[in-house]
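>>> following is a predicted model, sequence given first.
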Amino acid sequence: MRHTAGMLGLCLMLPLAACQDSVRSTRTQDEAWRPTPKPSAQRLAPDTPVAYWKPAGDDGRGRPVGRELLEGTLMESAGPRALREVLVDAALQERLAGLSLSITDDDMLAERRVLLKALDEDESRALRLLETIRRREGLGPLRFSALLRRNAGLRKLVKDDVRPNEEAIRAAWDVRHGPSRTARVFVAPTLDACAELIRRVDAGEDFGALAARQSTDPSASAGGLIEPITRLDPSWPTSFRETLWTTPLLVVSDPVLVDANYVVILPLEETPGDGTPLDRVREECERRVRLAQERLLMDSLARDLLDSLQVEIIDSDLDRAWRTPAP
């Protein structure tokens with residue numbers, strides 16, 4: 001139900017920026033962005049084993065794991081994602097070269113600053129979170145460097161199309177400083193299911209218990225409870241926010257159509273804003289809007305670059321995985 005920017009498996013684009021000096025001082029701590037070239041001795045022939053295994057306690061080196069066998073498994077499990085990254089990078093490089101643009105080390109440092117500051121204001125915590133993300137996403141030195149270069153190139157191409165407006169700036173202020181409401185929601189594909197929920201709640205049954213059993217939204221696991229939402233939060237559909245804020249607290253709303261489903265909302269509590277005036281934080285809000293717009297445009301451009309290519313896959317394992325729809 002919530003609207004979020006897609007990542008395409010290609011871009012890890014998060015808003016905000018940190019100081020350059022602190023980034024330079026920590027580059028060696030986590031192989032920040034420059035990959036270490038692989039020694040030529042590690043470039044194995046197709047028939048060379050890449051690992052050996054044996055039962056614990058056995059003597060000798062053990063049984064080999066062939067490179068060819070491993071490559072087939074890798075193609076099926078991660079080949080499409082890796083190929084998409086390589087293709088977008090190649091198409092992006094051609095687009096940049098055609099415009100006489102290039103990506104510098106400073107551009108890549110700037111992307112790393114964006115990522116760190118978005119993770120946490122405290123640099124040490126940000127570095128720990130970044131390391132967790134890199135392990136989870138398989139972002140070793142090569143892929144992490146490629147990701148920073150990719151985001152730097154995409155950002156360079158879209159920056160002139162970003163135009164923060166007053167409505168977006170005010171929404172950014174509202175998200176951080178305005179009043180918010182918590183609520184429980186019930187989501188169903190039909191009006192009849194919503195009408196039945198309302199009837200049972202009116203008869204005395206618990207909204208949260210019914211949502212936990214019957215709602216199709218991920219929030220069902222928490223009895224339909226969702227995070228606090230402000231009036232102007234752009235990550236939630238307008239129809240949902242308007243219903244949330246016009247329905248009295250502790251009163252069940254009428255069903256509202258959101259995307260392809262119907263939603264019933266029970267507003268629970270309202271928390272006032274923190275009193276910070278927009279003028280005091282306008283510059284910060286405008287910067288957040290700019291980065292958010294860049295993120296959307298960068299993702300769209302990455303998709304367009306990939307869609308513009310004709311791809312012929314000659315490896316059977318990779319071709320099968322490429323043609324299999326993602327879950």
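Cool, the structure landed.
>>> and the longest strand belonging to the chain, C-alpha only, in CSV?
Secondary structure assigned by DSSP state E gives strand 261-271 as the longest strand of the chain. What follows is strand 261-271 as a C-alpha-only set of coordinates in CSV (Å, rounded to 0.1, in the frame of the first residue of the first chain):
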residue,chain,number,x,y,z
ASN,A,261,-7.7,-2.8,-2.9
TYR,A,262,-10.2,-1.4,-0.4
VAL,A,263,-9.0,-0.2,2.9
VAL,A,264,-10.8,0.4,6.2
ILE,A,265,-8.9,2.7,8.7
LEU,A,266,-9.2,3.0,12.5
PRO,A,267,-7.3,6.1,13.6
LEU,A,268,-5.9,5.5,17.1
GLU,A,269,-3.9,8.5,18.3
GLU,A,270,-2.6,11.8,17.1
THR,A,271,0.8,13.2,18.1
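>>> for that strand, packing partners?
Packing partners of strand 261-271 (3 or more Cβ pairs under 8 Å, 6 or more residues apart in numbering; DSSP states H and E): strand 180-188, helix 191-202, helix 238-246, strand 256-258. For every residue, glycine as well, the C-beta is placed using N, CA and C.
>>> immediately after the longest one, which helix or strand?
As assigned by DSSP states H and E, the chain's next helix or strand after helix 191-202 is helix 207-214.
>>> sort out which residues of that next one are buried, please.
F207, G208, L210, A211, A212, Q214 (16 or more other Cβ atoms under 10 Å).
>>> now that helix against strand 180-188, angle please.
40 degrees (axes from the mean of the first three to the mean of the last three Cα atoms, to 10 degrees).
>>> who touches helix 207-214?
The contact list for helix 207-214 (Cβ atoms under 8 Å, 6 or more residues apart in numbering) reads 184-186, 188, 193, 197, 200-201, 217, 219-225, 252, 266.
>>> just the buried residues of the residues you listed.
Of the contacts of helix 207-214, these count as buried by 16+ other Cβ under 10 Å: 184-186, 188, 193, 197, 201, 217, 219-220, 223-225, 252, 266.
>>> re the thing from before, highest mean neighbour count out of the helices and strands packed on strand 261-271?
Of all these, strand 180-188 has the most neighbours on average by mean count of other Cβ atoms under 10 Å, namely a mean of 22.
>>> can you give me the mean pLDDT across it?
Strand 180-188 carries an average pLDDT of 97.
>>> counting by contacts, list what it packs against.
Counting by 3+ Cβ pairs under 8 Å, 6+ apart, strand 180-188 packs on helix 191-202, helix 207-214, strand 225-230, helix 238-246, strand 261-271.
>>> how far away from the center of its chain is the longest one?
Relative to the mean C-alpha coordinate of its chain, helix 191-202 is positioned 35 Å out (Cα atoms, centre = their mean, to the nearest Å).
>>> quick one: list the elements packing against it.
strand 180-188, helix 207-214, strand 261-271.
>>> pairing partners for the last one, with directions?
The strands beside strand 261-271 in its sheet (DSSP bridges) come out as strand 180-188 (antiparallel), strand 256-258 (antiparallel).
>>> save these as TSV, and put in distance to S300 too.
Output for the strands paired with strand 261-271, formatted as TSV (distance: least, Cβ to Cβ, whole Å):
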stretch	distance to S300
strand 180-188	28
strand 256-258	23
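>>> quick one: closest of those to N165.
strand 180-188 (22.9 Å; Cβ to Cβ).
>>> right, and L139 touches T132 too?
No - proximity of L139 to T132 does not meet the contact threshold set by Cβ atoms under 8 Å, at 10.6 Å.
>>> which one of the two is surrounded by more residues?
Neighbour comparison, L139 and T132: the larger count goes to L139, with 18 against 11 (by other Cβ atoms under 10 Å).
>>> host element of the more buried one?
Counting by DSSP H and E, L139 is found in no helix or strand.
>>> which one is it nearest to, not counting chain neighbours?
L147 (6.5 Å; Cβ to Cβ, 6 or more residues apart in numbering).
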